[in-house]
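A.B. asks: Below are the sequence and a predicted model for it; my questions follow.
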Amino acid sequence: MPTMLDTRVILEVLRPVQDPELRKSLVDLNMIRNVRVEGSQVSFTLVLTTPACPLRLFIVEECEKAVKSLPGVETVEVEVTAETPQQKALPDRAGIAGVKNILAITSGKGGVGKSTVSVNVAVALALMGAKVGLLDADIYGPNTPMMLGLANAYPTVKQSPTGEVLEPAFNYGVKLVSMGFFIDPDQPVIWRGPMLDARIRQFLYQTDWGELDYLLVDMPPGTGDAQLTMGQAVPMAGVVIVTTPQSVALQDARRGLRMFQRMPNPVPILGIVENMSYFIPPDLPDHQYDIFGSGGGEKTSKELDLPLLGCIPLEMSLREGGDRGIPIVIDVPESASAKALMAIAQQIAARVSVAALA
């Protein structure tokens, strides 16, 4: 006897299909909605936990396969949308209204390309449909305005019911606040810790960030005042550690991640990003040179039992795009560096979702 097609039957056949990251049923997670049956046609909405889901196509295919296994089903239409989960609140740290997840991109030392990673990951998430903000917490060396094509921008101040708030600059789908907007290009910032702490808190709480899925914070190098402020001021969904393959960078990266792990309320370490993994010369695109060594990020991730989120090659176009204010994920999306950064953005988004729903 043919199976009668209705909403209940469709949900039951979809129940065994799991989210690969969360390892739970899509139906139990309320990710299958708006089921409709019209004759031999079945349609429903698949609500992912992030617009940057790296396994989106796989999940859709598994859903279609499950529903088509029912007798009488000829066509299946899946509408895909996303609802980014809110990170867990902490009783001793105030969140930012409208901001779902706050992530720190940090490193143990300077010169490893942390700002390059921050800018490109932010733009990559925006390209995938997420609402993204970027806070440049490197007060002493703010570079993100230039790298995001906003070197000549100046955020405006507006009145709100709670007082004056900063309106972020905006480009490539990313809202940006940086100390670089308020000083001359060659002006040094000569501040002690309390002044830096106050400015970062001002950027966090006195900025009209609006509704954001992710607020990325580009941290300065080291284990100093900015890191302490972020760890104590706001609940963070996680930290991404950026390093290069060379031993000195890896040693400093260990110190950087240990700092966040040893705070009174430890911050989750989402993983390690190895930048400048190898050099690809523009005239010999099939060649690669390990100018900073090789395998350091993978070795460290195994030793520390942390995921290696990805390895980014060093290409001329990556540096050129940063200098011209056009992130490589937009400027040369087919490049090896851009593809690596897009994949890293997906990995970060997936791990944030897992942590929020765990």
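C.D. replies: Received the coordinates, thanks.
A.B. asks: Please enumerate the strands of the stretch 1-150 of the chain.
C.D. replies: Using DSSP state E, counting those that start in this stretch, the strands of the stretch 1-150 of the chain run over 18-19, 24-25, 32-38, 41-48, 75-82, 102-106, 132-136.
A.B. asks: Which residue ranges of the stretch 251-358 of the chain form helices?
C.D. replies: Listed in chain order, the helices of the stretch 251-358 of the chain (DSSP state H, counting those that start in this stretch) span 296-303, 316-324, 328-331, 336-357.
A.B. asks: quick one: which of the ones you listed is nearest Asp213?
C.D. replies: Among the helices of the stretch 251-358 of the chain, helix 336-357 comes nearest to Asp213, with 8.3 Å by Cβ to Cβ. Bear in mind the C-beta positions are built from the backbone N, C-alpha and C, glycine included.
A.B. asks: mean confidence score for that closest one?
C.D. replies: Average pLDDT, helix 336-357: 92.
A.B. asks: same thing with stretch 173-186?
C.D. replies: Stretch 173-186 comes out at a mean pLDDT of 91.
A.B. asks: State the phi and psi torsions of Arg23.
C.D. replies: The phi/psi pair for Arg23 (degrees, to the nearest 10) reads phi 60, psi 40.
A.B. asks: can you pull the pLDDT of it?
C.D. replies: Reported pLDDT at Arg23 in the predicted model: 89.
A.B. asks: likewise the one 3 residues further on?
C.D. replies: If you check Leu26, the pLDDT there is 96.
A.B. asks: Report the buried residues of the strand ranked longest in the chain.
C.D. replies: As assigned by DSSP state E, the longest strand anywhere in the chain is strand 269-280. By neighbour count with 16 or more other Cβ atoms under 10 Å, strand 269-280 contains the buried residues 269-278, 280.
A.B. asks: Stretch 34-54 too?
C.D. replies: Of the residues in stretch 34-54, 35, 37, 42-44, 46-54 count as buried by neighbour count, 16+ other Cβ under 10 Å.
A.B. asks: List just the nearest of the residues you listed to Phe170.
C.D. replies: Pro51 (18.2 Å).
A.B. asks: Which residue is the nearest non-sequential neighbour of the closest one?
C.D. replies: Spatial nearest neighbour of Pro51, excluding adjacent residues (Cβ to Cβ, 6 or more residues apart in numbering): Gly129 at 3.4 Å.
A.B. asks: Could you pull up the residues touching the one you found?
C.D. replies: By Cβ atoms under 8 Å, 6 or more residues apart in numbering, the residues touching Gly129 are 51-52, 82.
A.B. asks: okay, it: pLDDT?
C.D. replies: In this model, Gly129 carries a pLDDT of 92.
A.B. asks: how close does it sit to Val177?
C.D. replies: As judged by Cβ to Cβ, to the nearest Å, Gly129 and Val177 stand 22 Å apart.
A.B. asks: cool, Ile10 as well?
C.D. replies: Here Ile10 is placed at a distance of 46 Å from Val177 (Cβ to Cβ).
A.B. asks: What of Phe279?
C.D. replies: 33 Å.
A.B. asks: With Lys302 instead?
C.D. replies: Distance of Lys302 to Val177, given as Cβ to Cβ: 37 Å.
A.B. asks: Mind checking which of those two has more residues around it?
C.D. replies: Each of Lys302 and Val177 has its neighbours counted (other Cβ atoms under 10 Å); Val177 has more, 28 against 10.
A.B. asks: That one contacts Leu166, doesn't it?
C.D. replies: Yes: counting by Cβ atoms under 8 Å, Leu166 is a contact partner of Val177 at 6.2 Å.
A.B. asks: Could you name every residue contacting both of these two?
C.D. replies: Counting by Cβ under 8 Å, 6+ apart, the contacts common to Val177 and Leu166 are 155, 203, 207.
A.B. asks: can you give me the helices for the stretch 101-250 of the chain?
C.D. replies: 114-127, 144-147, 193-205, 225-233, 247-261.
A.B. asks: Would you tell me which of the ones you listed gets closest to Ala356?
C.D. replies: helix 114-127 (15.2 Å).
A.B. asks: Can you check what angle separates the closest one from strand 132-136?
C.D. replies: Here the directions of helix 114-127 and strand 132-136 differ by 160 degrees (axes from the mean of the first three to the mean of the last three Cα atoms, to 10 degrees).
A.B. asks: circling back: can you put the buried residues of strand 269-280 in TSV and add distance to Asp218?
C.D. replies: Below are those laid out as TSV (distance: Cβ to Cβ, whole Å):
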residue	distance to Asp218
Ile269	17
Leu270	15
Gly271	17
Ile272	17
Val273	13
Glu274	18
Asn275	14
Met276	17
Ser277	20
Tyr278	24
Ile280	25
